[in-house]
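Colleague: sequence first, then the predicted structure, then my questions.
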Amino acid sequence: MSTYLNSAVLGGTRADHGALARDIRDDSRTVRPGDIYVAMRGNNWHGLEFEVQAAGAGAVAVISDRPSSVLPTMVVHDPRQIMGHLCAWFYGTSPSTPRVFGVTGTNGKTSTAHFVDAGLAATGETPGLISGARIRGPGLQWVPVRTTPEAAALHQTLAHFRRSGVTACAMEVSSHAIDQQRIDGIRYRAMAFTNLAPDHLDYHGSMENYYATKASMFDAERTDLAVVNIADEYGRRLAATAGAEVWTCSSHDNAADIYADRIICDETGSRFDVHSPVGRAEVRLHTMGAFQVDNALLALTALIADGADLATTADGMSSLTAIAGRCQPIHAGQPFTAIVDYMHNTAGQQALLPYLRSLTSGRLIVVAGATGGRDPNKRRPLGKYAATYADIVIVTDESPEDEDPAAIRSQVLLGAHQARHAQVVEVPDRRTAIDYAVELARPDDVLVVAGRGSDPIQRYGARTVDFDDHLHLRHAIASSLHAHAIGDNMTRPCRA
């Protein structure tokens, strides 16, 4: 490894210098005997602050930008910069096997990746999935912490996929992962672009920087195929400038390579016709949300560009009934519609809330909040848009991270009150907020718990709380139905 890095080993004994590396880890808490520990500079700490823990866990050496005081060290200028390519070399994932279909953009990445996964399975591939909701493959399933894992975990997963016979993989690619070089060392068969809307601007600084980060993935050096939804100005710009072979799609523009028309969306899903260079097909989606038409169309375009059969791929996507935390319905016998969704920016709200409004002759109830440690400028707009479309908005905590939960809620509340439309209620505890929303819901209402999607953990500084919106909403509905059934039985008159 020192030869690959062109870095001498500093410290330790000659025996240490010849030690065999078993794995590469970038988190001292995951180190096991025989591992190489990569100590990088983070937002709050430097990895070498945990060198003693890594050594105690059995690390045989460190890669960092300065020598360790307790372990042999290979010093490099920037560990993060070399991490992806190092892992690709170490795990043998370059050139990429299996074929990797990447998905990037602001909204729709998770759903599009799941549609790609379903289409791959239908066409006879053995698929793997790396998404913000689930990482899944033969003998492997876990919920990730990040949308796109760090380089070591990412390449370990790809290596597992290859050993397990996976032939193609769908992968979400976040802008943070691109900028932090987590996905370096991966060659993509196709990179798909969903859309671009204001988000993560606290990190990128401007929409132009945000766009440039995404656009860097569409050069011929990174991907064989650039698959672009041209619904927004950024998609049209990307399609005109991408260096790889471009395929376009649209649900509104029949000048795209692949387009959809005759679109019908209701409470059961969507129906539409797809027109492509290889023919026409009818598509029936069982996933809720009008925006899923664009996500499925993008996935379909990526697979057709790769040579997949149109009808078979479309049938595979039709088999998908729900995606965790993405307009995910709950059917527990209640007389109202209940949904969990990840919408965490105003573009997501604008895509989903009008659709939900169209489903109800009753009221739209939204449980909303904002996550700490992210762009504070979007908190007030999140409250305002929620209250613009909803009849009742219940403002609660998501994951405050290291911020004051009350301060986050106050900004969301301020935006909600500015809309001057909905009844606005503050309920800090999320469990209580969901219970309250269920008690308010009447027949024919629509209730959506928004902001966290499938995230199973709430974070309050160093304290974490296990909390799954979907599981608790289902539990709250079941408890409410049970309580009302008992009440009905107690008040029912007895026959003499």
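Modeller: Arrived safely, thanks for sending. None of the values given here were measured: they were computed from a predicted structure.
Colleague: low-confidence ranges, the chain, go.
Modeller: Within the chain, the stretches with pLDDT under 70 are 12-19, 96, 487-496.
Colleague: can you rerun that using 80?
Modeller: Across the chain, the ranges flagged by pLDDT under 80 are 11-20, 94-97, 145, 485-496.
Colleague: quick check, central residue of it?
Modeller: Gly132 (3.2 Å; Cα atoms, centre = their mean).
Colleague: now it: closest residue in space, sequence neighbours ignored.
Modeller: Nearest non-adjacent residue to Gly132, counting by Cβ to Cβ, 6 or more residues apart in numbering: Thr147, 4.0 Å away. Every C-beta, even on glycine, is put in place using the N, C-alpha and C of the backbone.
Colleague: go ahead and confirm the one you found touches Arg134.
Modeller: No: taking contacts as Cβ atoms under 8 Å, Thr147 lies outside contact range of Arg134: 11.6 Å.
Colleague: show me the contacts for the residue nearest to the centre of the chain.
Modeller: Gly132 sits next to 109-110, 144, 146-148, 172, 174, 453-454 when contact means Cβ atoms under 8 Å, 6 or more residues apart in numbering.
Colleague: with Ile339 instead?
Modeller: Counted by Cβ under 8 Å, 6+ apart, Ile339 has contacts 288, 327-330, 356, 446-449.
Colleague: mind redoing it with 10 Å?
Modeller: With contact set as Cβ atoms under 10 Å, 6 or more residues apart in numbering, Ile339 has these partners: 288-289, 326-330, 352, 356, 359, 446-450, 470, 473.
Colleague: just the ones in helices from those residues, please.
Modeller: In helices, defined here by DSSP state H, the members of the contacts of Ile339 are 352, 356, 359, 470, 473.
Colleague: now the two most distant members of those residues.
Modeller: Leu359 and His470 (18.7 Å; Cβ to Cβ).
Colleague: got the buried residues for the helix or strand in which Ala433 is found?
Modeller: For Ala433, the element it lies in under DSSP states H and E is helix 430-440. Buried residues in helix 430-440, defined by neighbour count with 16 or more other Cβ atoms under 10 Å: 430-431, 433-438, 440.
Colleague: and that helix, what does it pack onto?
Modeller: Helix 430-440 is packed against strand 337-341, strand 364-368, strand 392-395, strand 423-426, strand 446-450, helix 469-491, with contacts defined by 3 or more Cβ pairs under 10 Å, 6 or more residues apart in numbering; DSSP states H and E.
Colleague: mind putting the ones you listed into CSV with distance to Ala406?
Modeller: Listed next are the helices and strands packed on helix 430-440 as CSV, based on distance: least, Cβ to Cβ, whole Å:
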stretch, distance to Ala406
strand 337-341, 24
strand 364-368, 16
strand 392-395, 11
strand 423-426, 9
strand 446-450, 20
helix 469-491, 21
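Colleague: among the ones you listed, which comes closest to Pro33?
Modeller: Short answer: helix 469-491, nearest of the helices and strands packed on helix 430-440 by Cβ to Cβ, at 36.4 Å.
Colleague: buried sites along the closest one?
Modeller: Applying 16+ other Cβ under 10 Å to helix 469-491 flags 469-470, 472-477, 480 as buried.
Colleague: JSON lines please, covering those and showing distance to Arg163.
Modeller: Below are these laid out as JSON lines (distance: Cβ to Cβ, whole Å):
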{"residue": "Asp469", "distance to Arg163": "35"}
{"residue": "His470", "distance to Arg163": "32"}
{"residue": "His472", "distance to Arg163": "37"}
{"residue": "Leu473", "distance to Arg163": "38"}
{"residue": "Arg474", "distance to Arg163": "37"}
{"residue": "His475", "distance to Arg163": "39"}
{"residue": "Ala476", "distance to Arg163": "42"}
{"residue": "Ile477", "distance to Arg163": "42"}
{"residue": "Ser480", "distance to Arg163": "47"}
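Colleague: who touches both of Thr147 and Arg134?
Modeller: 110, 113.
Colleague: residues in contact with His344?
Modeller: By Cβ under 10 Å, 6+ apart, His344 lies in contact with 107, 199, 368-371, 374, 378, 382, 398, 450-453.
Colleague: and stretch 190-201, how far out from the chain's middle?
Modeller: In terms of Cα atoms, centre = their mean, to the nearest Å, the centre of stretch 190-201 is set 12 Å apart from its chain centre.
Colleague: start to end distance for it?
Modeller: 26 Å (Cα to Cα, to the nearest Å).
Colleague: list the buried residues of it.
Modeller: 190-200.
Colleague: what do you get for stretch 2-12?
Modeller: 5, 7, 9-10, 12.
Colleague: can you map out the helices along the stretch 201-350 of the chain?
Modeller: For the stretch 201-350 of the chain, the helices defined by DSSP state H, counting those that start in this stretch cover 201-204, 207-215, 233-241, 292-305, 310-318, 346-359.
Colleague: which one of the ones you listed is the most hemmed in?
Modeller: helix 292-305 (a mean of 28; mean count of other Cβ atoms under 10 Å).
Colleague: tell me the secondary structure at Met191.
Modeller: Under DSSP: H, G, I helix; E, B strand; the rest coil, Met191 falls in the strand class.
Colleague: right, and it touches Glu172 too?
Modeller: No: judged on Cβ atoms under 10 Å, Met191 makes no contact with Glu172 at a distance of 11.4 Å.
Colleague: anything in contact with each of these two?
Modeller: What both Met191 and Glu172 touch, as defined by Cβ under 10 Å, 6+ apart, is the set 102-104.
Colleague: so of these, which ones are in helices?
Modeller: Among these, no member falls in helices (DSSP H).
Colleague: of those residues, just say which sits nearest to Val278.
Modeller: Among those, Val103 lies closest to Val278 (Cβ to Cβ), at 21.5 Å.
Colleague: run a quick neighbour tally on the closest one.
Modeller: 31 (other Cβ atoms under 10 Å).
Colleague: what does Ile263 give?
Modeller: Ile263 has 16 nearby residues by other Cβ under 10 Å.
Colleague: that one touches Asp273, doesn't it?
Modeller: Yes: the pair Ile263 / Asp273 is scored as a contact, 8.3 Å apart, by Cβ under 10 Å.
Colleague: okay, and the common contacts of those two?
Modeller: In contact with both Ile263 and Asp273: Val283, using Cβ under 10 Å, 6+ apart.
Colleague: show me what the helix or strand hosting Ile63 is packed up against.
Modeller: Secondary structure from DSSP H and E places Ile63 in strand 61-64. With contacts taken as 3+ Cβ pairs under 10 Å, 6+ apart, strand 61-64 sits against helix 2-5, strand 9-10, strand 35-38, helix 51-56, strand 73-75, helix 79-91.
Colleague: nearest to Gly316 among the buried residues of stretch 2-12?
Modeller: Leu5 (42.8 Å).
Colleague: which ones are touching the closest one?
Modeller: 63, 74-76, 79, 82, 86, 89.
Colleague: what ranges do the strands span in the stretch 51-200 of the chain?
Modeller: 61-64, 73-75, 99-104, 127-130, 135-137, 140-142, 168-172, 188-193 (DSSP state E, counting those that start in this stretch).
Colleague: neighbouring contacts of the first one?
Modeller: Right, strand 61-64. 1-2, 5, 7, 9-12, 16-17, 19, 21, 24, 26, 35-41, 46-48, 51, 54-55, 68-76, 79, 82-83, 86.
Colleague: please name the residues that touch Ala159.
Modeller: Shown in contact with Ala159 (Cβ under 10 Å, 6+ apart): 87-88, 90-93, 97.
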